[in-house]
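I need the structure of the sequence given here:
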Amino acid sequence: MNKIKIIQNPSSGKIGYEDEFNEVCRLLLDYGYTVQLFKTKGKNDAYLETKKAVEEGFECIVVSGGDGTVNEVARGLYEMKTTVPMAIFKTGTVNDFANHLKLPNTAFSFLKMIQSEITLPVDIGLLNGQVFVNIAAAGIFTSVAHDTKKEVKKYLGRNAYYLEALMNLPKNLSTYYPLRITTDKFTTEGEYHLFLITNSSSVGGFDKISPTAEIQDGYFDCMFIKRAPIVGQADVFMKILVGKHLDNKHVDYFQTKKIKIELLNDDELVVDLDGEYGGTLPIEIEVKPSAIYIMAENE
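Presented below is the predicted three-dimensional model:
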């Protein structure tokens with residue numbers, strides 16, 4: 001592996017990461033890699049550049065950005081049906097997928113990972129045909145990632161998400177949605193505050209939201225929080241912080257390969273897809289096992 005394309009989203013992540021990113025580029029060059037840097041300017045730039053890089057024979061795609069940028073690179077790799085791996089250098093606001101994999105965040109440790117050439121086949125999801133790597137979610141709090149202004153995220157990092165959630169707390173606590181849930185094993189209806197369909201255990205910087213999730217098991221972990229009084233909601237969210245929420249009576253938690261979710265009234269419910277706008281309900285989601293390859297430190 002010698003020819004590396006680096007795709008950087010310069011608007012992603014907290015201020016201060018630039019020096020470490022530049023050190024990554026310098027080390028790769030110093031150690032003999034052929035490196036080409038591409039900086040994104042807008043939506044789908046990373047996706048299109050990934051497809052171009054595969055066609056041009058690059059052997060690894062290094063992505064420096066947040067979960068949205070990772071999503072675009074993953075989409076490009078999936079559509080190209082390639083074994084060219086993605087290497088994620090964490091510079092985004094949260095970087096849930098990279099956190100789940102415990103990927104390095106210093107330049108020298110990142111170089112060591114590239115040199116190891118260890119790659120892992122990982123699952124992705126398709127939501128109404130759209131690729132996602134880590135999460136599809138809807139309901140209260142779930143639009144925080146794509147509603148928060150980029151300028152605020154750049155200065156505050158993940159704290160920007162907490163601030164946005166607090167600003168909308170009174171409205172969120174009284175909001176719920178009537179849903180029909182259909183999987184390959186059951187169908188049910190109920191009133192829910194939110195749902196999370198996750199590929200990894202890390203969501204929004206919380207690493208225990210889906211404690212049993214694995215990115216190589218061919219399943220999604222699904223969490224639906226039922227309509228509950230404020231006291232019940234508070235209990236759920238407090239337990240989420242420590243990963244003790246799975247046995248809570250207000251939580252439905254299960255694994256599935258396919259799921260369909262429908263809204264049973266005329267409201268509009270927006271879906272968050274890896275921190276970006278993902279359309280509205282109804283949605284159909286399916287797992288694509290071992291669909292792309294990720295570089296990691298250990299097999």
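
All the helices of the chain, residue numbers only.
With DSSP state H as the criterion, the chain has helices at 18-30, 45-55, 67-80, 96-101, 107-116, 144-147, 150-156, 159-167, 169-173, 230-241.

now these in TSV, with distance to Asp267 and mean neighbour count?
Every residue, glycine included, has its C-beta placed from N, CA and C. Below are the helices of the chain laid out as TSV (distance: least, C-beta to C-beta, whole Å; neighbours: other C-beta atoms under 10 Å):
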stretch	distance to Asp267	mean neighbour count
helix 18-30	42	15
helix 45-55	31	19
helix 67-80	26	24
helix 96-101	28	24
helix 107-116	44	16
helix 144-147	18	20
helix 150-156	28	15
helix 159-167	21	16
helix 169-173	14	12
helix 230-241	20	14
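
Can you tell me the number of residues neighbouring the residue lying closest to Met1 once chain neighbours are set aside?
Using C-beta to C-beta, 6 or more residues apart in numbering and skipping the chain neighbours, the partner closest in space to Met1 is Glu59 (4.6 Å). The local packing of Glu59 (other C-beta atoms under 10 Å) involves 17 other residues.

Just give the nearest non-adjacent residue to Gln115, would you?
Counting by C-beta to C-beta, 6+ apart, the residue nearest Gln115 is Tyr31, at 7.4 Å.

what's the burial count for that neighbour?
The number of residues packed near Tyr31 is 10, by other C-beta under 10 Å.

How much space separates it from Ile4?
Relative to Ile4, Tyr31 is positioned 11 Å away (C-beta to C-beta, to the nearest Å).

now swap in Asp235 and tell me
Between Asp235 and Ile4 the distance is 48 Å, computed by C-beta to C-beta.

With Gln233 instead?
46 Å.

swap in Lys51?
Using C-beta to C-beta, which is the criterion applied here, Lys51 is 16 Å from Ile4.

now Ala291
Using C-beta to C-beta, we find Ala291 at a distance of 22 Å from Ile4.

higher neighbour count, those two?
Neighbour tally, Ala291 and Ile4, criterion other C-beta under 10 Å: the higher count belongs to Ile4, 21 against 18.

got a list of what that one touches?
Remark: with contacts taken as C-beta atoms under 8 Å, 6 or more residues apart in numbering, Ile4 is in contact with 28, 33-36, 58-62, 114.

try 7 Å this time
For Ile4, the contacting residues are 28, 33-35, 58-60, 62, taking C-beta atoms under 7 Å, 6 or more residues apart in numbering as the criterion.

and it, how far is that from Leu111?
Here Ile4 is placed at a distance of 11 Å from Leu111 (C-beta to C-beta).

So in terms of bridging, what pairs with Ile285?
Beta bridges link Ile285 to Leu127, Ile259 when assigned by DSSP bridges.

right, and it touches Ala138 too?
No: contact status for Ile285 versus Ala138: not in contact, 11.4 Å apart, counting by C-beta atoms under 7 Å.

Looking at the two, which has the bigger crowd around it?
Counting neighbours by other C-beta under 10 Å for Ile285 and for Ala138 shows that Ala138 has the greater number, 25 against 22.

Can you get me a residue count around the closest residue to the more buried one other than its chain neighbours?
For Ala138, ignoring the flanking residues on the chain, the nearest one in space by C-beta to C-beta, 6+ apart is Val271 at 4.7 Å. In terms of burial, Val271 registers 26 neighbours under the definition other C-beta under 10 Å.
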